[in-house]
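Undergrad: Whatever this is, show me its structure:
(4 chains)
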2 protein chains.
Amino acid sequence: MSFSITEENYIKAIFHLQQGEGNVSTNELAAELHTKAASVTDMLKKLKAKKLLSYEKYKGVRLSSEGKKLALAIVRKHRLWEYFLVDKLQFGWDEVHDVAEELEHISSKKLVEKLDAFLGYPKFDPHGDPIPDSHGKMAVQVQVNLIDLPLNRMAEVSGVGSQSTELLELLKHKHIGIGTRLEIKRKFSFDHSIEIKIRNQNPFAISQQLAQALFVKPV
Amino acid sequence: MSFSITEENYIKAIFHLQQGEGNVSTNELAAELHTKAASVTDMLKKLKAKKLLSYEKYKGVRLSSEGKKLALAIVRKHRLWEYFLVDKLQFGWDEVHDVAEELEHISSKKLVEKLDAFLGYPKFDPHGDPIPDSHGKMAVQVQVNLIDLPLNRMAEVSGVGSQSTELLELLKHKHIGIGTRLEIKRKFSFDHSIEIKIRNQNPFAISQQLAQALFVKPV
DNA sequence: AATTATTTTTAGATTTACCTAAAAATAATT
DNA sequence: AATTATTTTTAGGTAAATCTAAAAATAATT
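TA: Just a heads-up that it's a prediction; the model follows:
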């Protein structure tokens, strides 16, 4: 069975929203996909008929195991292509998302496997997210939210919580990227901002919002 | 301005069929795209409105310079991806076409340029077809003996190896002349005869002697 | 030149994915 | 519990790309 790009985008969106417990609501999906609730309802019926998810009127939606399998295949392609773009084509890690969004819908199974081999079976993409293997398994993240990093514990930036250009622009300005080593020197309870120190730079403060968008791996 | 995958496929098909002079007919296009004449008429109106081609009712179609530019961009992407698949991912040259058919519609301009650089600015794809550069220019194809033309490679008769009346009589009988477009569907090793297909005629066989007397230019 | 055959276009339907507006169900508040 | 607010679904419609069947234009043949 094969699926349209639109259908694949719905499956991927549900996959990302259903992390944790509980069902994904129609409105959440509509927001995520920049479409309207009525359109979502239509599509959910279609995807239910294709057995990719379980859905009952007014009760939200969850992927079936078939749906999860498809979602993981798409995520796998997305992250492999991102790795390719950064590692082989010298893209910046902050400019690959949209291109990978297109490439992830290329259907050839053989292409994905050969690309994976060509890249040397990478485990993580340029944003620090794990790449599912051909069976859908992926490495567990040892990374922790920067906000939860203890004081004076050296860590390395391993992931970001969003792909928004606004975030990436800010990170670029502050010269923070994947692999950047830092430690927290102070935490301020007034606004939950934190003061971090990078290598031999002077310490500087970052906002709570930014800290929450960064994931680090203790080193 | 951006174009749908379907529109791009129409432009590409017209480009391939209009080599040589004369307009491309509705039926030819319908056959090439595995669709019906009525659908083609609809699309031609749309593409005319977008100024990609010139089209008058009942008179066939030709690409405008805008249309040619688009066609060359698509062909460029197709052939660069084929080169990538064969050279980097170890695909066989005979199994890349369908995958490239999907990849050619990835829109990122930057991706194409970086891919081209990564591949070392190749001039020909794995089938021997020239790859247009970023300005749409491509290396000129030399004519080749028909016997050496790869299977399923569309080519146009560009010369004959002799002017004997016997040869010309035979060519006339088979409706083959300079400019005739054909492709080889099969090669038989027993007698080195080859089966060729011309336009919308049924395929038929020609002898080794005749094939050796014909020179073709891939189109 | 008239007739027949072929090609091409029009007309009207279908499918996918989307929309708006109104109705129905669920959740929140008084 | 009743009312109000929010969420979700239904109903009906639009645009893209396709189709079949019939009409119109062009080409081929007698």
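Undergrad: count of residues packed around residue A:1?
TA: 7 (other Cβ atoms under 10 Å in any protein chain shown). For the C-beta atoms, the positions are set from N, CA and C on the backbone; glycine is no exception.
Undergrad: Check the one 4 residues further on too.
TA: Other residues within reach of residue A:5, judged by other Cβ under 10 Å, total 10.
Undergrad: That one against residue A:104, yeah?
TA: No. Here residue A:5 does not reach residue A:104: they are 9.3 Å apart, not a contact under Cβ atoms under 8 Å.
Undergrad: Tell me if stretch A:94-112 is near DNA strand C.
TA: No. Counting by Cβ under 7 Å from any atom of the strand, DNA strand C has no neighbours in stretch A:94-112; the shortest distance is 11.7 Å.
Undergrad: err, stretch A:29-40, not the other one
TA: Yes. Using Cβ under 7 Å from any atom of the strand, we find that stretch A:29-40 touches DNA strand C at A:33, A:35-36, A:38-39.
Undergrad: and those, which two are the farthest apart?
TA: A:33 and A:38 (12.5 Å; Cβ to Cβ).
Undergrad: ok, these two, which is more surrounded?
TA: Neighbours per residue (other Cβ under 10 Å) separate residue A:33 from residue A:38, with residue A:33 holding more: 17 against 10.
Undergrad: ok, so what distance separates the residue nearest to the spatial centre of chain A from residue A:138?
TA: To find the centre residue of chain A, average its C-alpha atoms and take the closest one (Cα atoms, centre = their mean): that gives residue A:129, at 6.2 Å. Residue A:129 is 9 Å from residue A:138, where distance means Cβ to Cβ, to the nearest Å.
Undergrad: now do residue A:219
TA: Relative to residue A:138, residue A:219 is positioned 21 Å away (Cβ to Cβ).
Undergrad: Looking at the two, which is more packed in?
TA: residue A:138 (17 against 10).
Undergrad: so who does that one touch?
TA: A:72, A:123, A:130-132 (Cβ atoms under 8 Å, 6 or more residues apart in numbering or on different chains).
Undergrad: go again using 7 Å as the cut-off
TA: Taking Cβ atoms under 7 Å, 6 or more residues apart in numbering or on different chains as the criterion, residue A:138 is in contact with A:130-132.
Undergrad: Where do the strands of chain A begin and end?
TA: Using DSSP state E, the strands found in chain A span residues A:53-55, A:61-63, A:144-145, A:155-160, A:181-187, A:194-198, A:204-206, A:214-218.
Undergrad: Which residues does the shortest one contact?
TA: Put plainly, it is strand A:144-145. Contacting residues not belonging to strand A:144-145 are listed as A:212, A:215-216 [Cβ under 7 Å, 6+ apart].
Undergrad: now the first one
TA: The contact list for strand A:53-55, computed with Cβ under 7 Å, 6+ apart, reads A:14, A:44, A:47-48, A:61-64, A:67.
Undergrad: And those residues, which two are furthest apart?
TA: Taking Cβ to Cβ, the two most distant members of the contacts of strand A:53-55 are A:44 and A:64; they sit 12.5 Å apart.
Undergrad: These two: which has the busier surroundings?
TA: Ranked by neighbour count (other Cβ under 10 Å), residue A:44 and residue A:64 place residue A:44 first, with 22 against 16.
Undergrad: quick one: buried residues of stretch A:4-14?
TA: Buried residues in stretch A:4-14, defined by neighbour count with 16 or more other Cβ atoms under 10 Å in any protein chain shown: A:7-14.
Undergrad: How about stretch A:23-36?
TA: Residues of stretch A:23-36 classed as buried by neighbour count (16+ other Cβ under 10 Å): A:23-26, A:28-30, A:32-33, A:35.
Undergrad: re the thing from before, turn the contacts of residue A:138 into JSON lines, including distance to residue A:202 and pLDDT.
TA: Output for those, formatted as JSON lines (distance: Cβ to Cβ, whole Å; pLDDT from 0 to 100):
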{"residue": "A:130", "distance to residue A:202": "34", "pLDDT": "92"}
{"residue": "A:131", "distance to residue A:202": "36", "pLDDT": "97"}
{"residue": "A:132", "distance to residue A:202": "40", "pLDDT": "98"}
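Undergrad: Save these as CSV, and put in distance to residue A:109 and neighbour count too.
TA: Shown next, in CSV, are those (distance: Cβ to Cβ, whole Å; neighbours: other Cβ atoms under 10 Å in any protein chain shown):
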residue, distance to residue A:109, neighbour count
A:130, 20, 19
A:131, 16, 21
A:132, 14, 20
